[in-house]
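A.B. asks: What follows is a protein structure lacking sequence information:
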């Protein structure tokens, strides 16, 4: 009796419904039965099935009561996605502003990347001077997405002031009698030139300051001097450097990467020179280092200088003669040149 009463009530309600509603309910139930029979325990609606339920939602107010496979919120989400897709398709076929040439898009990205202080109006005006018509919104659209701050970093600072920067640093070389010799390297950033190199057994702030004076006589002093926070650069050194009108740029604590060029030169001095010889004393080390520095300036190529030397080295064509190898540091390195036969 309990099961019969609900069935009678549903039959009475169905009899009172309009024929259109009964037809739509029949379509909804039959569609779900077909999907469940075809796909098994966990049926999933395809694109056509979703379109059926989106249409039923528009045509039939009682669609939620017959929905079993998915939730009503899912059907609403399908309808909204279809709405967005329809207007996206309609907008793409409506013409509108012509697309920007790939070359011009790359130029906009390059301007954003190379000019960190520029904004959209500045880039738009620059493009207009080049005969490129682009709106401000288009310029903003092709802005590279980056998390880097707009201010210049250490790399940019070193590049912008390379011709005015010298860097200094020390490294230690043991002798045959286990003494330690300290080597001071003064490097100019513009062409990676080793401006000054000197050896001592007892470095001090006064001695280091005097080396800077000898490295830059008269009016040849640079604008910036890049160094670390070693205690050897004491009050005497600071006073001597300031009297020369040089501004000191001090790297952060334990940050050798902020003084990369001189660190790289010291690595070359170790790996290509002093690690392969037994140093007898200070005079012996000076002679070795000066010979290597001549080779470094005149013969050794550098990738950072477009495969050239600090002292620009001319290309020798085959017409100049045969290639000969000239030994450096007793044959540790060789300089190759062409000589007429």
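C.D. replies: Cool, got the structure. Model, not experiment: these values are computed from the prediction.

A.B. asks: Helices of the stretch 151-300 of the chain, start to end?
C.D. replies: 154-160, 205-215, 235-243, 260-272, 282-298 (DSSP state H, counting those that start in this stretch).

A.B. asks: For the ones you listed, please prepare JSON lines with the additional fields distance to residue 122 and mean neighbour count.
C.D. replies: C-beta here means a position set from N, CA and C on the backbone, and glycine is covered the same way. Converted to JSON lines, the helices of the stretch 151-300 of the chain look like this (distance: least, Cβ to Cβ, whole Å; neighbours: other Cβ atoms under 10 Å):
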{"stretch": "helix 154-160", "distance to residue 122": "18", "mean neighbour count": "14"}
{"stretch": "helix 205-215", "distance to residue 122": "41", "mean neighbour count": "17"}
{"stretch": "helix 235-243", "distance to residue 122": "38", "mean neighbour count": "15"}
{"stretch": "helix 260-272", "distance to residue 122": "31", "mean neighbour count": "17"}
{"stretch": "helix 282-298", "distance to residue 122": "42", "mean neighbour count": "17"}
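
A.B. asks: Adding distance to residue 250 and mean pLDDT, write those out as TSV.
C.D. replies: Below are those laid out as TSV (distance: least, Cβ to Cβ, whole Å; pLDDT from 0 to 100):
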stretch	distance to residue 250	mean pLDDT
helix 154-160	12	73
helix 205-215	14	96
helix 235-243	10	95
helix 260-272	14	94
helix 282-298	26	96
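
A.B. asks: Neighbours of the residue lying closest to residue 293 once chain neighbours are set aside, how many?
C.D. replies: With Cβ to Cβ, 6 or more residues apart in numbering as the criterion, residue 293 has its nearest non-adjacent residue at 5.2 Å, and that residue is residue 194. Residue 194 is flanked by 22 other residues according to other Cβ atoms under 10 Å.

A.B. asks: i'd like the first residue to be 56 from this point on
C.D. replies: With the count now opening at 56, the last piece we talked about shows up as residue 249.

A.B. asks: Residue 249 touches residue 242, doesn't it?
C.D. replies: Yes. The pair residue 249 and residue 242 qualifies as a contact (Cβ atoms under 8 Å) at a distance of 5.8 Å.

A.B. asks: Mind listing the shared neighbours of the two?
C.D. replies: Shared contacts of residue 249 and residue 242 (Cβ atoms under 8 Å, 6 or more residues apart in numbering): residue 320.

A.B. asks: where does the closest residue to residue 351 other than its chain neighbours sit relative to residue 368, distance-wise?
C.D. replies: Ranked by Cβ to Cβ, 6+ apart and with sequence neighbours excluded, the top spatial neighbour of residue 351 is residue 249, at 6.5 Å. As for residue 249, its distance to residue 368 is 16 Å (criterion: Cβ to Cβ, to the nearest Å).

A.B. asks: Let me know the pLDDT of residue 231.
C.D. replies: For residue 231, the pLDDT comes out at 94.

A.B. asks: ok, now how distant is it from residue 345?
C.D. replies: Residue 231 sits 20 Å away from residue 345, going by Cβ to Cβ.

A.B. asks: Could I get the contacting residues of the residue nearest to residue 351?
C.D. replies: The contact partners of residue 249, taken as Cβ under 8 Å, 6+ apart, are 240-243, 320, 348, 351-352, 365.

A.B. asks: ok, so of those residues, who is nearest residue 166?
C.D. replies: Nearest to residue 166 among those: residue 243, at 31.4 Å, using Cβ to Cβ.

A.B. asks: doesn't residue 277 make contact with the closest one?
C.D. replies: Yes. Counting by Cβ under 8 Å, residue 277 is a contact partner of residue 243 at 7.3 Å.

A.B. asks: So the two - more neighbours on which side?
C.D. replies: Set residue 243 next to residue 277 and count neighbours by other Cβ under 10 Å: residue 277 wins out with 24 against 21.

A.B. asks: How about the more buried one: what's its closest non-neighbour residue?
C.D. replies: Leaving aside its chain neighbours, residue 277 sits nearest to residue 221 (4.7 Å; criterion: Cβ to Cβ, 6+ apart).

A.B. asks: which residues pair with that neighbour across the strands?
C.D. replies: Assessed by DSSP bridges, residue 221 has beta-bridge partners residue 243, residue 280.

A.B. asks: Isn't it up against residue 243?
C.D. replies: Yes. Judged on Cβ under 8 Å, residue 221 makes contact with residue 243 at a distance of 5.2 Å.

A.B. asks: which neighbours do these two share?
C.D. replies: Both residue 221 and residue 243 are in contact with 250, 277, where contact means Cβ under 8 Å, 6+ apart.

A.B. asks: For residue 194, list the residues it contacts.
C.D. replies: Each residue near residue 194 by Cβ under 8 Å, 6+ apart is listed here: 163, 175, 178-179, 182.
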